[in-house]
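**Q** Starting from these lines, generate the structure:
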Amino acid sequence: MPLDIDFVRAQFPAFALPGLADKAFFENAGGSYACGQVIDRLTRFYRERKVQPYGPYAASAAGGAEMDEARARLAAMMGIRTDELSFGPSTTQNTYVLAQAFRRHLKPGEAIVVTDQDHEANSGPWRRLADDGIALREWRIDPETGHLDPARLAPLLADGKVRLVAFPHCSNVVAEINPVAEIVALAHAAGAVCCVDGVSYAPHGLPDVAALGADIYLFSAYKVYGPHQGIMAIREDLGMRLPEQGHYFNAGTLYKRFTPAGPDHAQIAASAGIADYFDALHGHHFAPEPDAARRAAAVHDLLRTHERALSQPLLDYLAARNDLRLIGPRDAARRAPTVAVALDRAAEPVAAALASRGINCMAGDFYAVRPLTAMGVDLARGALRMSMVHYTSAADVARLIGALDEVL
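**A** All right, here's what the predicted structure looks like:
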């Protein structure tokens, strides 16, 4: 059955609030609305369980159990072991901590590959390793299309010195979905591991990390309808080889090795609400399925089908205009529904004009300075970005197109 948009929007309290209910929200790539299941769990934790977890008394034990539940259920949906999933304050922070581990792990003369398609969070920390003698190689996008061609990666791996390839599942401005499994296979064949930034992909369906083969996969819970946490999947054999970055006495526990500070107990517990929500979607649209990974895969395909149909009319409309440049593919099947355009004028006043018409989106560089620069976009003008997720409706898109007609 097709996605039941009324059921979906009923799961999000924001759609019933004055000041939000009458607006069309197109800044989901910056952070999505929280689903009611997450809000309820966070509220309950602060009301009933805001104590040090894992103690012998009821409130403490319940708090720890809910934290464990979040890790176990999300890991199962992503096809990984429970201890291979860890939380941190943000994906930016998780990447920074990982880079410090690789700083001690890599040897001078060894190399890493980064791209100029990335959000800065999955580029800057790795690039700074060059200060310690690690060779830096840049896998560059096509300046016209923003495409990241795997054929351009192979020469960078040819001498066998590359130990890490860091790249996005999709960019937060180009939005083309990169062939992760193909890229990972190329890297592994050359003796390298892969760190995949999934921040811009995961809101459109939880990834099957095991099928992708990624050694590290990162995304942000607050963009997947949850609290402000970064979620990291890391393969056990790699995680246990890298130097630990947390307390020395936690070194034997994989999900604690890359958590330098105490975790946010309440937000970790509330992340189980993400699993609640995806299971609610599955229960409403499909027959019962006991396997968590299969449930997640079915929901992934349900969301992607809806989003493709949703975003194609907007892509067609933008591609037909001669006063802007559509960044990334014109085919919705090849991209996430994050749509950025370079205009023939400054983008921020356009975003403000859209806001006055009930269209909430933003303009700027979105920390994607490198890809925008590589594609020749004038950073002084910036880009206008209109990002959708599955709770966006066809009526929202029609309203956006009508507002763009007026403003442009």
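
**Q** Could you pull out the buried residues of the lengthiest helix in the chain?
**A** Assignment by DSSP state H gives helix 292-319 as the longest helix of the chain. By 16 or more other CB atoms under 10 Å, the buried positions in helix 292-319 come out as 292-293, 295-300, 302-304, 306-308, 310-312, 314-315, 318. C-beta here means a position set from N, CA and C on the backbone, and glycine is covered the same way.

**Q** can you pull out the helices in the stretch 251-400 of the chain?
**A** 265-270, 272-285, 292-319, 347-355, 369-374, 394-407 (DSSP state H, counting those that start in this stretch).

**Q** Turn the ones you listed into a markdown table, columns for mean pLDDT.
**A** Below are the helices of the stretch 251-400 of the chain laid out as a markdown table (pLDDT from 0 to 100):
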| stretch | mean pLDDT |
| --- | --- |
| helix 265-270 | 98 |
| helix 272-285 | 98 |
| helix 292-319 | 98 |
| helix 347-355 | 98 |
| helix 369-374 | 98 |
| helix 394-407 | 98 |
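
**Q** In TSV: the ones you listed, plus distance to residue 243.
**A** TSV is the format used below for the helices of the stretch 251-400 of the chain (distance: least, CB to CB, whole Å):
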stretch	distance to residue 243
helix 265-270	24
helix 272-285	30
helix 292-319	31
helix 347-355	43
helix 369-374	28
helix 394-407	47
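
**Q** before we move on, the earlier item: so which elements touch the longest helix of the chain?
**A** Identification of packing neighbours for helix 292-319 by 3 or more CB pairs under 8 Å, 6 or more residues apart in numbering; DSSP states H and E yields helix 58-77, helix 272-285, strand 324-326, strand 338-343, helix 394-407.

**Q** Quick one: closest of those to residue 185.
**A** helix 58-77 (23.2 Å; CB to CB).

**Q** Figure out how far that closest one is from the centre of its chain.
**A** With CA atoms, centre = their mean, to the nearest Å as the basis, helix 58-77 stands 22 Å off its chain's centre.

**Q** Residue 148: which of the helices of the stretch 251-400 of the chain is closest?
**A** helix 369-374 (9.4 Å).

**Q** ok so, going back, what is the distance between the longest helix of the chain and the centre of its chain?
**A** On CA atoms, centre = their mean, the centre of helix 292-319 falls 15 Å from the chain's centre.

**Q** from now on call the first residue 10
**A** Will do, 10 is the new start, and the previous item becomes helix 301-328.

**Q** now residue 396: how far from residue 226?
**A** For residue 396, the distance to residue 226 equals 21 Å [CB to CB, to the nearest Å].

**Q** likewise residue 285?
**A** Counting by CB to CB - residue 285 and residue 226 are separated by 22 Å.

**Q** now do residue 33
**A** Counting by CB to CB - residue 33 and residue 226 are separated by 31 Å.

**Q** just residue 325 next, same as before
**A** Counting by CB to CB, the gap from residue 325 to residue 226 is 32 Å.

**Q** Tell me who's in contact with the residue nearest to residue 391 when sequence neighbours are not counted.
**A** Nearest residue to residue 391, sequence neighbours excluded (CB to CB, 6 or more residues apart in numbering): residue 356, at 4.3 Å. The contact partners of residue 356, taken as CB atoms under 8 Å, 6 or more residues apart in numbering, are 372-373, 390-393.
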